[in-house]
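# just a sequence and a predicted model for now, questions to come.
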Amino acid sequence: MSDKQVVNLKPDRNPMDELLREDRLPHIWCSGCGIGVALTCFIKALQKSGLDLDKVAVVSGIGCTGRVAGYVKLDSFHTTHGRAIPFATGLKLANPELKVVVFSGDGDLIAIGGNHLIHAARRNVDMTIICVNNFNYGMTGGQAGPTTPAGAITSTSVYGCFEHPFNIPYLAAASGAVYVARWTALHVRRLEKSILEALHKSGFSFVEVISPCPTLYGRWNKQRTGLAQMQYYHDKGVIRHGLDPKEVDIGLHGEIVEGVFVDIEKPTFLDFCSAALAKNAETGGS
């Protein structure tokens with residue numbers, strides 16, 4: 001090789017590197033897990049959003065998905081189990097200029113954090129929720145959770161789950177969310193577009209991401225690999241925008257209805273607060 005030939009020993013950086021904490025990598029997620037896909041879609045949506053990244057805060061709770069907050073190179077907070085939404089609410093009220101994103105799992109947001117979810121949606125607090133749903137408590141042993149389909153095998157339901165699961169989009173919509181969507185980890189372009197729409201939405205926006213968990217949930221339910229679960233999403237995924245969220249339940253091995261189910265406008269919690277303060281100032285507090 002001549003002296004004039006130049007060898008590039010350092011490969012080109014990935015466009016997402018600017019938003020990832022390389023010192024925290026490699027990540028802890030299992031092979032075939034869909035959380036990394038959801039994170040990729042989130043980062044791409046952020047890069048297209050035009051938002052001031054110095055004013056974006058990411059909050060998560062406990063669980064596999066909760067580790068997202070530690071991997072993104074943004075102001076981020078890894079909070080206690082089930083308390084991501086009240087923490088995020090405090091951030092938003094203290095600094096209304098922030099774009100607050102809660103990125104956590106079904107166990108964290110829908111089980112122990114469920115009460116916080118419904119009341120933040122009821123108040124229409126301006127934040128974006130990304131809920132990765134893998135149908136079980138993946139970090140702590142694959143126990144049945146509030147979204148585990150009836151009949152599914154888990155470490156705590158070895159004869160099949162005997163409980164009806166939450167229909168998450170219906171729960172979010174009934175609680176007052178202004179934007180509600182669901183996509184699988186297979187439909188990455190649609191998921192990215194939906195997260196982008198949610199980020200631009202004023203009010204409580206909610207995106208559910210159906211994600212593979214081959215290590216625990218999949219291997220007990222005839223989907224032993226991440227690829228097998230992706231094939232299931234391909235075969236059973238049905239897009240029906242605008243469908244009433246009460247119609248989008250997921251049964252064991254049943255179809256997965258995807259799409260944007262709710263996209264409405266209404267005053268946020270801070271809008272009401274500002275209006276009340278202005279009225280109080282006009283009337284002199286009477």
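Noted; the coordinates are in hand. Just so you know, these numbers come straight off a predicted model, no measurement behind them.

# going by C-alpha atoms from here, please, whenever you check contacts or count neighbours.
Noted.

# for the chain, give me the ranges with low pLDDT.
When residues are selected by pLDDT under 70, those of the chain lie in 1-12, 285-286.

# just the strands in it please.
Taking DSSP state E as the criterion, the chain carries its strands at 56-60, 75-78, 99-105, 127-133, 179-184, 204-210, 237-239, 256-263.

# so which of those strands gets nearest residue 246?
Each of the strands of the chain has some distance to residue 246 by Cα to Cα; the shortest is strand 256-263, at 10.0 Å.

# show me how far that closest one is from its chain's centre.
The gap between the average C-alpha position of strand 256-263 and the chain average comes to 14 Å, counting by Cα atoms, centre = their mean, to the nearest Å.

# so what touches it?
169, 173, 177-184, 194, 233, 236-245, 248-250 (Cα atoms under 8 Å, 6 or more residues apart in numbering).

# hmm, which of the residues you listed are the buried ones?
169, 173, 177-184, 194, 233, 237, 245, 248-250 (16 or more other Cα atoms under 10 Å).

# so can I have a markdown table of the strands of the chain showing distance to residue 31?
As requested, these are arranged in a markdown table below (distance: least, Cα to Cα, whole Å):
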| stretch | distance to residue 31 |
| --- | --- |
| strand 56-60 | 22 |
| strand 75-78 | 23 |
| strand 99-105 | 18 |
| strand 127-133 | 16 |
| strand 179-184 | 17 |
| strand 204-210 | 16 |
| strand 237-239 | 22 |
| strand 256-263 | 23 |
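
# quick one, which of those gets closest to residue 162.
Each of the strands of the chain was scored for nearness to residue 162 using Cα to Cα, and the closest is strand 127-133 (18.8 Å).

# what lines up beside the closest one in the sheet?
Strand 127-133 has its sheet partners listed here by DSSP bridges as strand 99-105 (parallel), strand 204-210 (parallel).

# report how many residues lie close to residue 150.
Residue 150 has 17 neighbouring residues, counting by other Cα atoms under 10 Å.

# residues in contact with it?
Residues counted as contacts of residue 150 (Cα under 8 Å, 6+ apart) are 160-165, 251-252.
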